[in-house]
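got a predicted structure here, sequence first:
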Amino acid sequence: MKFYEFGKENHKTLMLLHGNASTWKMSFGKCIPYLTEKYHVIAVGLDGFDPTEATEYISGEDEAEKIAVYVQKNHGGELFAIYGASLGCLPAIFVSTGGKIKVKNLILDGAENVSFGMFNPIMTKVVAKIEGKLVKRVVSGDAKILLKMMGMKEYSPEMLSEMIYTGASDKTLENATIAGSTFYNKGIKGLVPQTGINIACWYGAKEKNMKKAIKELKGIFPAIEVKAFEGYGHGEILQHPEQLRNEIDRFVKE
């Protein structure tokens, strides 16, 4: 795991956690110039998804523990805000409920419920293999199925190659899929939010797996603000950096 910091002259820290089959730069590269107008941005290169190091993604809990240690050491144990995209929602939730650091604002974007219930042990491995093949096929431009799963409009092969990281290992993709699909089965139970934390659940209106996720999230975050972005698919607001910055500015509280 690596941490990339921008806009250090700003007081308010904003941590960005990217999603599966992506990197910090692919997800947030367009957004960081807008966000650093006001925030001290900390973009996290999650294990297994940073081309500059040889690591494997293990779990959301494992990522959260490393983030907590870093924030304790370098930022006084406190973050003004965390923005988690897709898979990044897992460590974001665990960090904000772990009790080791203070988080004032938490934004969960695309925290889909992709659980298969009692069939999770089998289905997660099957789905991980399918996703791995689809990710690799992005290079050839054959990614219509992947786009449909994400509820996104069709992009050119060139644009997809800038959005989807094909360098993750099969093990990392499998572990990431398992982490995401088992979270709503057992990971969410017993989590306790910090007192006074300001929480939002954002998603693209075209996403297919948010209804159950919202219900579960409200179980531990009763005051969560829920907002759907019309016309968007999974994580698609990241392609609109000015809108993302404006939405973050609107939501966060001191």
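Structure's in. What do you need?

is Val103 in a helix, a strand, or coil?
Recorded secondary structure, Val103: strand (DSSP: H, G, I helix; E, B strand; the rest coil).

what distance do you get for it to Thr13?
Here Val103 is placed at a distance of 10 Å from Thr13 (CB to CB, to the nearest Å). No exception for glycine: its C-beta is placed from N, CA and C like everyone else's.

quick one: common contacting residues for the two?
Here Val103 and Thr13 share the contacting residues Glu78, Leu79, Ala81, scored by CB atoms under 8 Å, 6 or more residues apart in numbering.

can you read off the pLDDT for the last one?
The one in question is Ala81. Ala81 carries a pLDDT score of 98 in this model.

what does Ile122 give?
Reading off the model, Ile122 has pLDDT 63.

kindly report the same for Pro241.
As predicted, Pro241 sits at a pLDDT of 97.

that one against Lys30, yeah?
Yes: counting by CB atoms under 8 Å, Lys30 is a contact partner of Pro241 at 4.7 Å.

wait, which of the shared contacts of Val103 and Thr13 is closest to Tyr232?
Of all the shared contacts of Val103 and Thr13, Tyr232 sits closest to Ala81, with 20.9 Å by CB to CB.

quick one, what contacts that closest one?
Lys12, Thr13, Leu14, Met15, Tyr39, Val103, Lys104, Asn105, Leu106, Ile107, Ile248, Val252.

which one among these gets closest to Gly204?
Distances from Gly204 to the contacts of Ala81, taken by CB to CB, are shortest for Ile107, at 14.1 Å.

is it fair to say that closest one lies in a strand?
Yes: Ile107 sits within a strand when classified using three-state DSSP.

and it, what does it touch?
Here Ile107 is in contact with Ala81, Ile82, Tyr83, Gly84, Ile199, Ala200, Trp202, Ile248, Phe251 (CB under 8 Å, 6+ apart).

what residues are bridge-paired with it?
Per DSSP bridges, the residues bridged to Ile107 are Tyr83, Ala200.

that older thread, now, the shared contacts of Val103 and Thr13 that are in strands?
Assigned to strands by DSSP state E, the following of the shared contacts of Val103 and Thr13 qualify: Glu78, Leu79, Ala81.

in a markdown table, list the residues you listed along with distance to Lys218.
What follows is these, written out as a markdown table (distance: CB to CB, whole Å):
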| residue | distance to Lys218 |
| --- | --- |
| Glu78 | 26 |
| Leu79 | 23 |
| Ala81 | 20 |
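
what's the closest of the residues you listed to Thr172?
Comparing these against Thr172 with CB to CB places Leu79 closest, at 25.2 Å.

not counting sequence-adjacent ones, nearest residue to Glu61?
Phe94 (5.5 Å; CB to CB, 6 or more residues apart in numbering).

give me the three-state assignment for the one you found.
helix.

Ala43: what's it in contact with?
Phe3, Tyr4, Glu5, Phe6, Met15, Leu16, His18, Trp24, Lys25, Phe28, Ile32.

kindly recompute the last result at 7 Å.
Residues counted as contacts of Ala43 (CB atoms under 7 Å, 6 or more residues apart in numbering) are Tyr4, Leu16, Trp24, Phe28, Ile32.

A strand includes it, no?
Yes: assessed with three-state DSSP, Ala43 lies in a strand.

who's it bridged to?
Tyr4, Leu16.

and it, how far is that from Glu112?
From Ala43 to Glu112 the distance is 22 Å (CB to CB).
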